[in-house]
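**Q** Below are the sequence and a predicted model for it; my questions follow.
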Amino acid sequence: MLAYLVLVLSAAASAVGIVAQTVAARRAEQRATIDPGLLVRLATDRVYLVGFGSQVLGFLLAFIARATLPLYLVQAGSSSAVGLAALLGTTLLGWRIGRGEIVALAVLAAGLLLLIGASEPSISADMPAPVGFVILGVIVVAALIAVPAARLAGTRGAVAMGVLAGVAFAGLALASRPLAAGPLQELPFQPLAWVMVAAALLGQTMLATALQRGSATATAASMDATTVVVASVVGLAALGDRIAPGREAWVALGLVLVVAAVVAMAVVGRPARSGSAAHCEVAVPQRGRDRPRAGVPDARDVAVDGPA
């Protein structure tokens, strides 16, 4: 029961990080290609640091939950953070969210709930060395693909970079699952721990890039769905994650719904508006201007969490 509570707290912390990261990412300078210096610039923004700190807390709690819960359950729980953030924004901050995105989020939630219902708590098996090398190779390939993908604009760019961020974060989740139950003081000496760090940095860079290009809910859906699907399949195949007896069909249907929600998000998500005016709707007043443009922020402008 404690592990489930830790997972809920992880999602809540990530939701706080989502809101804070939105403002910082949208007011940072946008460049046409993937920008390794973006995180360096964001690190000088106190709002981003608050969001990043909440995100790190969410990741640490999710890491603890992975010690006894299967990956598809932990990743499904982490994915709920974007919904929690949208709920906080609409109820407390007056954000708006479109009906189409509400439906897509509901479909995503239904798929994740099916995956949760089919899960069975288990301790991870040791990761075979070949699987570890494959994970590292996939992360490197994702980094190479991100270079041309970063040139895509609008929703297409957000979804493409979101999927690649999801691949990186899936690698992080897979690398951390066998480590979660071990002695924490031995982590610096574990090769998988460094794979986890590399995946986190790469995923965070891709995520920040995606946030500048289009609908944040589209980014969230593509990233979370990719992470859940990849982590679920590899966790079941290689790490000893189990499905509750008789509920294999739940997993299949849940994955289908998650992928369908990603497609829906790509269709209904609104591209990020170009120019400084777009930034003003979600950020503090910009330099050289007296006031932000009037209007109520849109829930689609909310950012998404990182490596939880």
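**A** Yep, that arrived.

**Q** ranges for the helices of the stretch 101-250 of the chain?
**A** Applying DSSP state H, counting those that start in this stretch to the stretch 101-250 of the chain gives helices spanning 129-149, 154-180, 191-211, 216-238, 248-268.

**Q** Can I get these in JSON lines including mean pLDDT?
**A** Below are the helices of the stretch 101-250 of the chain laid out as JSON lines (pLDDT from 0 to 100):
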{"stretch": "helix 129-149", "mean pLDDT": "91"}
{"stretch": "helix 154-180", "mean pLDDT": "90"}
{"stretch": "helix 191-211", "mean pLDDT": "89"}
{"stretch": "helix 216-238", "mean pLDDT": "82"}
{"stretch": "helix 248-268", "mean pLDDT": "80"}
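
**Q** mind putting those helices in TSV, mean neighbour count and distance to L84 included?
**A** C-beta: built from backbone N, CA, C; applies to glycine. TSV is the format used below for the helices of the stretch 101-250 of the chain (neighbours: other Cβ atoms under 10 Å; distance: least, Cβ to Cβ, whole Å):
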stretch	mean neighbour count	distance to L84
helix 129-149	16	27
helix 154-180	27	18
helix 191-211	22	17
helix 216-238	26	11
helix 248-268	19	16
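
**Q** So for Y72, which of those helices sits nearest?
**A** helix 216-238 (3.7 Å; Cβ to Cβ).

**Q** what separates the closest one from the chain centre, distance-wise?
**A** 9 Å (Cα atoms, centre = their mean, to the nearest Å).

**Q** of all the helices of the stretch 101-250 of the chain, which lies closest to L42?
**A** helix 191-211 (6.5 Å).

**Q** now for that closest one, which elements pack on it?
**A** helix 2-27, helix 38-42, helix 129-149, helix 154-180, helix 216-238 (3 or more Cβ pairs under 8 Å, 6 or more residues apart in numbering; DSSP states H and E).

**Q** So which other helices or strands are in contact with the last one?
**A** It stands for helix 216-238. Using 3+ Cβ pairs under 8 Å, 6+ apart, helix 216-238 sits against helix 71-79, helix 81-88, helix 99-118, helix 129-149, helix 154-180, helix 191-211, helix 248-268.

**Q** Which strands or helices does the fifth one pack on?
**A** Contacting helix 154-180 under the criterion 3+ Cβ pairs under 8 Å, 6+ apart are the following elements: helix 46-65, helix 71-79, helix 129-149, helix 191-211, helix 216-238, helix 248-268.

**Q** Okay, angle between the longest one and helix 191-211 too, please.
**A** Here the directions of helix 216-238 and helix 191-211 differ by 160 degrees (axes from the mean of the first three to the mean of the last three Cα atoms, to 10 degrees).

**Q** now the helices and strands packed on helix 216-238 in a markdown table, with distance to A65?
**A** Below are the helices and strands packed on helix 216-238 laid out as a markdown table (distance: least, Cβ to Cβ, whole Å):
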| stretch | distance to A65 |
| --- | --- |
| helix 71-79 | 5 |
| helix 81-88 | 13 |
| helix 99-118 | 13 |
| helix 129-149 | 20 |
| helix 154-180 | 8 |
| helix 191-211 | 15 |
| helix 248-268 | 19 |
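
**Q** Please work out how many residues are found near the closest residue to V228 other than its chain neighbours.
**A** With sequence-adjacent residues excluded and distances taken as Cβ to Cβ, 6 or more residues apart in numbering, V228 is closest to Q75, at 4.6 Å. Q75 has 28 neighbouring residues, counting by other Cβ atoms under 10 Å.
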